[in-house]
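Engineer: Sequence first, predicted model second:
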Amino acid sequence: MRINIPPQVEFVIQKLTAMGYEAYLVGGCVRDSVLGLNPNDWDITTSALPDEIKSALSDCKLIEAGVKHGTITALIDQVPVEVTTYRVDGKYSDNRHPDDVRFTRSLKEDLARRDFTINALAYNHSDGIIDCFGGAEDILNKQIRCVGEPTLRFQEDGLRILRALRFSSVLSFIIEKNTSASILKSGGLLDNIARERINCEFTKLLCGKKAENVLRDYRSVIEQFLPEISPMAGFEQHNPYHIYDVWEHTLKSVGTIEATPVLRLTMLLHDIGKPYCYTQDGKGIGHFYGHGEKSTEMTKKILSRLKYDGVTIETVTELVKLHDLPLSPEEKLIRHRLNQLGQNKLRLLLKVKAADAKAQNPIYGGRLGELHEIEAVVDDIIARSLCFSLKDLQVDGADIISLGIPQGPQIGRILSTLLDAVIDGKCKNQFNDLMSYAQAMKDSKL
Ligand code: CTP
């Protein structure tokens with residue numbers, strides 16, 4: 001096959017080969033090209049030592065921040081191209097760089113130190129694909145397999161355990177038997193991995209097509225950094241709305257919702273507090289009163305511990321808190337909810353509720369129909385530009401002050417009351433009507 005290499009990257013390969021060195025594309029860009037996907041970045045591996053790379057590319061702007069690991073970044077037409085000397089690694093402490101390295105002139109040695117066969121392919125136009133470990137066949141067979149002895153690969157860098165699960169989830173690949181057995185045995189290695197690195201791989205895993213299956217098959221691995229999921233597994237709900245235990249319901253809801261980090265995290269965590277809130281009534285029906293608050297509290301702690309950013313923590317925590325908020329397709333109620341949550345969050349909440357409903361007993365599928373009706377009501381409110389927030393009101397704070405009401409918190413309260421009156425159909429959203437309504441409020445005590 002012929003890979004379509006960006007001209008800036010091909011320029012660097014040509015420069016190095018013209019000086020007599022070997023130079024190949026390697027890693028994720030070859031894997032993704034073989035799969036017909038667009039690579040995220042293009043890495044070059046070369047037999048040239050760092051000083052030799054520098055002299056071969058002496059007429060280019062070079063960044064030498066990674067030079068002690070053999071990596072030099074050339075800026076070609078502002079495009080960064082990473083070139084790394086063939087190397088044999090020591091232990092990895094971050095995602096990209098081992099703590100100590102030994103340079104080598106052997107491409108095979110460089111490929112041998114890589115995590116999975118599908119990531120150990122090299123390519124250039126003259127030699128085509130170089131495949132020393134059966135990576136091309138593994139791509140055909142849709143399988144993740146370690147290069148060499150899996151346990152050693154994982155000991156070198158525990159994050160590779162999560163990378164295997166990520167590739168399996170994102171690419172819909174199975175994990176080969178020995179590699180899988182080693183993953184299930186070596187989960188404890190994740191304890192030494194920085195939370196930021198775990199966050200990055202876990203988020204990709206969660207947004208993959210097969211997240212539901214990977215979470216199910218490798219729960220014990222995920223529990224290494226997310227032990228709070230453990231009590232959900234096998235926790236029966238004893239409730240007619242549910243045909244699955246809490247964990248299976250959670251997995252189904254993750255699998256059914258759109259693949260964004262916020263929505264997938266919300267489904268993963270929305271019922272995490274349930275095992276702590278279980279009661280049974282006289283008829284033997286199970287209830288989980290207060291699980292929304294418990295799940296909210298746990299979600300916030302978990303996401304902070306796993307180093308998610310503030311916006312993700314805030315949005316997911318709020319969606320978890322709201323996931324059981326009563327909604328019905330009534331225009332007034334939905335306008336109040338639009339005011340309370342804003343359009344974006346309300347639409348996210350509808351997706352969360354739909355995923356939650358799809359993972360419940362299908363005989364209550366009517367809930368899904370109602371959610372579609374609610375969505376139609378939201379669309380209609382937006383299309384007709386109906387008033388649902390203070391900024392839509394035809395009066396503002398200055399107008400209320402002009403009635404002789406002193407500045408202060410009461411202005412906000414009056415505006416909120418006016419908005420409620422407009423939404424509830426008690427007052428038209430027109431200047432004169434609103435001013436008379438406000439005047440009447442003033443006269444009657446405020
Ligand atoms: N690699 C490895 N062990 C790691 C990380 C990376 O062996 N813990 C090797 C793999 O050969 C990988 C290459 O370094 O393909 C580049 O790593 P990186 O850019 O982090 O990931 P990619 O495999 O390129 O995947 P993606 O671009 O999807 O992140």
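Structural biologist: Cool, got the structure. Just so it is clear, the model here is predicted, and its values are computed rather than measured. Numbering: from 1, shown residues only.
Engineer: any idea how far the closest residue to the ligand within the stretch 151-300 of the chain lies from Pro98?
Structural biologist: Of all residues in the stretch 151-300 of the chain, the one sitting closest to the ligand is Asp157 (4.3 Å; C-beta to the nearest ligand atom). Bear in mind the C-beta positions are built from the backbone N, C-alpha and C, glycine included. Distance from Asp157 to Pro98, counting by C-beta to C-beta, to the nearest Å: 8 Å.
Engineer: before we move on, what about Trp247?
Structural biologist: For Trp247, the distance to Pro98 - C-beta to C-beta - is 37 Å.
Engineer: how far away is Phe388 from the ligand?
Structural biologist: 42 Å (C-beta to the nearest ligand atom, to the nearest Å).
Engineer: for that residue, helix, strand, or coil?
Structural biologist: Recorded secondary structure, Phe388: coil (DSSP: H, G, I helix; E, B strand; the rest coil).
Engineer: ok, it - contacts?
Structural biologist: 335-336, 338-339, 381, 419, 423 (C-beta atoms under 8 Å, 6 or more residues apart in numbering).
Engineer: What sits closest to the residue nearest to the spatial centre of the chain if chain neighbours are left out?
Structural biologist: Nearest to the geometric centre of the chain sits Pro261, at 2.6 Å (C-alpha atoms, centre = their mean). Ranked by C-beta to C-beta, 6 or more residues apart in numbering and with sequence neighbours excluded, the top spatial neighbour of Pro261 is Thr203, at 5.1 Å.
Engineer: how close does the one you found get to Arg197?
Structural biologist: The value you get for Thr203 to Arg197, if C-beta to C-beta is used, is 11 Å.
Engineer: Quick check: the gap between whichever residue of the chain sits closest to the ligand and Cys207.
Structural biologist: The ligand sits closest to Gly28 of the chain, with a gap of 2.2 Å, by C-beta to the nearest ligand atom. Going from Gly28 to Cys207 by C-beta to C-beta gives 17 Å.
Engineer: again with Ser58
Structural biologist: 42 Å.
Engineer: Which one's more surrounded, those two?
Structural biologist: Cys207 (18 against 9; other C-beta atoms under 10 Å).
Engineer: For the closest residue to the more buried one other than its chain neighbours, which residues are in contact?
Structural biologist: Spatial nearest neighbour of Cys207, excluding adjacent residues (C-beta to C-beta, 6+ apart): Ala259 at 4.3 Å. Ala259 makes contact with 207-209, 211, according to C-beta under 8 Å, 6+ apart.
Engineer: So for the helix or strand that contains Thr151, mean pLDDT?
Structural biologist: If you go by DSSP states H and E, Thr151 is part of helix 150-156. Averaged over helix 150-156, pLDDT sits at 94.
Engineer: And that helix, what does it pack against?
Structural biologist: With contacts taken as 3 or more C-beta pairs under 8 Å, 6 or more residues apart in numbering; DSSP states H and E, helix 150-156 sits against helix 159-171, helix 177-186.
Engineer: Counting by contacts, list what the helix or strand Gly292 falls within packs against.
Structural biologist: Using DSSP H and E, Gly292 sits in helix 291-305. Using 3+ C-beta pairs under 8 Å, 6+ apart, the elements in contact with helix 291-305 are helix 261-269, helix 310-322.
Engineer: what's the first one packed up against?
Structural biologist: Contact here means 3+ C-beta pairs under 8 Å, 6+ apart; on that basis helix 261-269 packs against helix 195-206, helix 246-256, helix 291-305, helix 310-322, helix 343-358.
Engineer: Just after that helix, pick out the following helix or strand.
Structural biologist: Downstream of helix 261-269 (by DSSP H and E), the next one is strand 279-280.
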